[in-house]
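Colleague: Kindly return the folded structure for what I paste below:
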Amino acid sequence: MIGIIDYGAGNTASVSYALEKFGVDFIVTNDISKLEEVEKIIFPGVGAAEAAMAKLVSYNLISLLRTTKKPVLGICLGMQMYSKHSEEGSIECLGIIEENCVKFPANEIKVPHMGWNSVEFREGSPLFEGIPQNSYFYFAHSYYIPENKYEIASCANGVKFCAALNKDNYYGVQFHPEKSSTVGLKVLKNFIEIVN
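Modeller: Numbering: from 1, shown residues only. Here you go, the predicted structure:
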């Protein structure tokens with residue numbers, strides 16, 4: 001059973017639709033007791049970091065997200081929330097990784113970074129198993145996590161940034177796999193198949 005966190009941050013419907021294609025059991029919920037029972041957690045997100053953190057606090061999900069040993073997949077804002085601090089609203093985030101989430105320099109490049117872009121990933125990462133190197137994925141974001149030691153994939157939008165990461169049981173992708181055609185669905189399938 002997969003648990004999709006519903007904290008008012010947008011794209012639970014499109015993630016649900018993608019999972020339905022695989023015929024896997026899933027639940028969309030913000031109920032901590034139900035999330036404690038699932039095997040894996042998907043932490044999606046479209047929207048603003050400040051509002052998202054406020055929702056996570058109101059649903060008492062902060063401790064669960066910081067301490068769970070289940071595989072977790074953060075998508076877009078979900079991955080950004082792994083950071084220590086976000087420039088978006090200047091708020092403290094989950095602190096799962098030591099990096100801060102920063103804004104693209106709008107005076108130098110087009111912001112938001114929106115559309116299809118190629119991703120270079122580290123060979124051997126289970127999230128990218130069976131996916132051709134430099135495949136194109138769909139992005140929609142104004143903030144990013146810089147390159148870091150947990151990075152398993154990178155992308156460039158004026159500056160190179162972390163397109164995917166993995167720290168212990170925490171996985172994250174800045175792109176939207178549920179909107180990234182065949183290769184995006186493969187990333188989701190790979191996450192579903194990760195052994196705890």
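Colleague: Quick one: residues contacting the most centrally placed residue in the chain.
Modeller: Computing the C-alpha centroid of the chain and ranking residues by C-alpha atoms, centre = their mean puts residue 75 first, at 2.1 Å. Counting by C-beta atoms under 8 Å, 6 or more residues apart in numbering, residue 75 makes contact with 11, 15, 42, 43, 44, 45, 172, 173, 176, 177, 178. Quick note: C-beta positions are derived from backbone N, CA and C, even for glycine.
Colleague: By residue count, what's the longest strand in this protein?
Modeller: Ordering each strand of the chain by length in residues (DSSP state E) puts strand 159-167 first.
Colleague: Now do it: everything it contacts.
Modeller: Here strand 159-167 has contacts from 79, 82, 96-97, 99, 104-105, 109, 119, 121, 125, 127-128, 137, 144-148, 150-155, 171-175, using C-beta under 8 Å, 6+ apart.
Colleague: Would you list the buried entries among those residues?
Modeller: The neighbour count (16 or more other C-beta atoms under 10 Å) marks 79, 82, 96-97, 99, 104, 119, 121, 125, 127-128, 137, 144-145, 150-155, 171-175 as buried among those.
Colleague: Okay, now the unreliable bits of this protein?
Modeller: The chain contains residues with pLDDT under 70 at 9-10, 196.
Colleague: Is it correct that residue 103 is in contact with residue 90?
Modeller: No: counting by C-beta atoms under 8 Å, residue 103 does not reach residue 90; the two are 10.9 Å apart.
Colleague: quick one, which of those two is more surrounded?
Modeller: More neighbours surround residue 103 than the other of residue 103 and residue 90, with 14 against 9 (other C-beta atoms under 10 Å).
Colleague: Show me which positions of stretch 168-184 end up buried.
Modeller: Buried residues in stretch 168-184, counting neighbours by 16+ other C-beta under 10 Å, are found at 170-180, 183-184.
Colleague: Ok, stretch 63-71 next?
Modeller: 64, 65, 68, 70, 71.
Colleague: next one: stretch 47-58
Modeller: Buried, per 16+ other C-beta under 10 Å, within stretch 47-58: 47, 48, 49, 51, 52, 53, 55, 56.
Colleague: mind listing what the second one touches?
Modeller: With contacts defined as C-beta under 8 Å, 6+ apart, the neighbours of residue 48 are 77, 88, 89.
Colleague: closest to residue 4 among those?
Modeller: Using C-beta to C-beta, residue 77 is the member of those that lies nearest residue 4, at 13.8 Å.
Colleague: how about the nearest residue to the closest one, chain neighbours excluded?
Modeller: Distance criterion C-beta to C-beta, 6 or more residues apart in numbering; nearest residue to residue 77, sequence neighbours excluded, is residue 45 at 2.8 Å.
Colleague: sorry, back to before: tabulate the contacts of residue 48 in CSV, adding columns for secondary structure.
Modeller: Compiled in CSV, the contacts of residue 48 are given as follows (DSSP: H, G, I helix; E, B strand; the rest coil):
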residue, secondary structure
77, helix
88, coil
89, coil
